[in-house]
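Trainee: Take a look and give me a structure for this.
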Amino acid sequence: MAEMRAFEFRQCASILKATGKKAATLRELRDIIAVVAGESIYHHTYEYFRKEHVQDYTNDFAHWAGESLEERTLAEQLSNIDPYDFREVEDLRKEILRVIDDYLERFPEPRAAMPGDEFHFSQTVSLTFHSGIRVRNLAEFLIGIRHVDSGAIYHHFYESKMRLGSKNDDFSAWVEGAMDKPDIAEKIRAIDPFMHNVEGIRSHIVDAIDEAVKRDMEAIE
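Mentor: Numbering: from 1, shown residues only. Sure, this is the predicted structure:
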């Protein structure tokens, strides 16, 4: 029974690969997005949250449009695309193309990026493995989540949303299902993935679990 209730943190690491494709204009970006491997689309959208610069944008395409092309309206429209609304990468690709095509119909000649500031398409190979950290209650979970590598946070909070096919994540699923704490699970689900980087997500989860652990200790006393 204890093994069934245990949560095992899994580590996620990525190997970055260049595709050799790059774009200097919005039209070039659009044409490459249409044909590049789905792994590249995934890297520039879903995996954007592993990076530090998540304050104003939600994917690499929006970031480049806003900072390199200075097309702020387009950047905002691309940032409004929630990748977790799509079960398949190909559906996400179609939505990105739709937004860019609509923009090009209204503004057919946007500026090009400066030399050296082109968009370089990349993709990643993700490796998932055991971290060696297994916890059986909220107090142990609190210690674990404070110390696991950021790749584990990404895997269990962001990547799991695609794996589970919902807005759910591994952390909230375990807290609700194994620990019978639906109120705490809902607090974790309510954390906006667009507003924080991985370390921000960790901090908010720590706050939610810490509060629950303190309440449990007070109840025992």
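Trainee: Please enumerate the strands of this structure.
Mentor: 7-23, 119-135 (DSSP state E).
Trainee: Would you tell me which of these gets closest to Q77?
Mentor: strand 119-135 (16.7 Å; CB to CB). C-beta coordinates here come from the backbone N, C-alpha and C atoms, glycine included.
Trainee: packing partners for that closest one?
Mentor: The elements that strand 119-135 packs onto, with contact taken as 3 or more CB pairs under 8 Å, 6 or more residues apart in numbering; DSSP states H and E, are strand 7-23, helix 38-45, helix 60-67, helix 138-147.
Trainee: buried ones in that strand?
Mentor: Using 16 or more other CB atoms under 10 Å as the test for burial, strand 119-135 gives F119, F121, S122, Q123, T124, S126, S131, I133, V135.
Trainee: Rebuild the helices and strands packed on strand 119-135 as JSON lines, extending it with distance to K167, mean neighbour count and mean pLDDT.
Mentor: As requested, these are exported to JSON lines (distance: least, CB to CB, whole Å; neighbours: other CB atoms under 10 Å; pLDDT from 0 to 100):
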{"stretch": "strand 7-23", "distance to K167": "19", "mean neighbour count": "16", "mean pLDDT": "92"}
{"stretch": "helix 38-45", "distance to K167": "16", "mean neighbour count": "21", "mean pLDDT": "94"}
{"stretch": "helix 60-67", "distance to K167": "21", "mean neighbour count": "23", "mean pLDDT": "96"}
{"stretch": "helix 138-147", "distance to K167": "20", "mean neighbour count": "17", "mean pLDDT": "95"}
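Trainee: Turn the ones you listed into CSV, columns for distance to S160.
Mentor: As requested, the helices and strands packed on strand 119-135 are arranged in CSV below (distance: least, CB to CB, whole Å):
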stretch, distance to S160
strand 7-23, 10
helix 38-45, 14
helix 60-67, 21
helix 138-147, 14
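Trainee: Ok, which of the ones you listed comes nearest D216?
Mentor: helix 138-147 (6.9 Å).
Trainee: how far off strand 7-23 does that closest one point, in degrees?
Mentor: Interaxial angle, helix 138-147 versus strand 7-23 (axes from the mean of the first three to the mean of the last three CA atoms, to 10 degrees): 30 degrees.
Trainee: what about the helices and strands packed on strand 119-135, which gets the closest to A173?
Mentor: strand 7-23 (9.5 Å).
Trainee: Counting by contacts, list what that closest one packs against.
Mentor: Contacts defined by 3+ CB pairs under 8 Å, 6+ apart place strand 7-23 against helix 26-35, strand 119-135, helix 138-147, helix 150-153.
Trainee: Quick check: the nearest residue to R30 once chain neighbours are set aside vs P83, distance?
Mentor: Nearest residue to R30, sequence neighbours excluded (CB to CB, 6 or more residues apart in numbering): I100, at 4.7 Å. Remark: distance between I100 and P83 (CB to CB, to the nearest Å) = 16 Å.
Trainee: Next: A219.
Mentor: 40 Å.
Trainee: Looking at those two, which has the bigger crowd around it?
Mentor: For A219 and P83, the more surrounded residue by other CB atoms under 10 Å is P83, and the numbers stand at 24 against 7.
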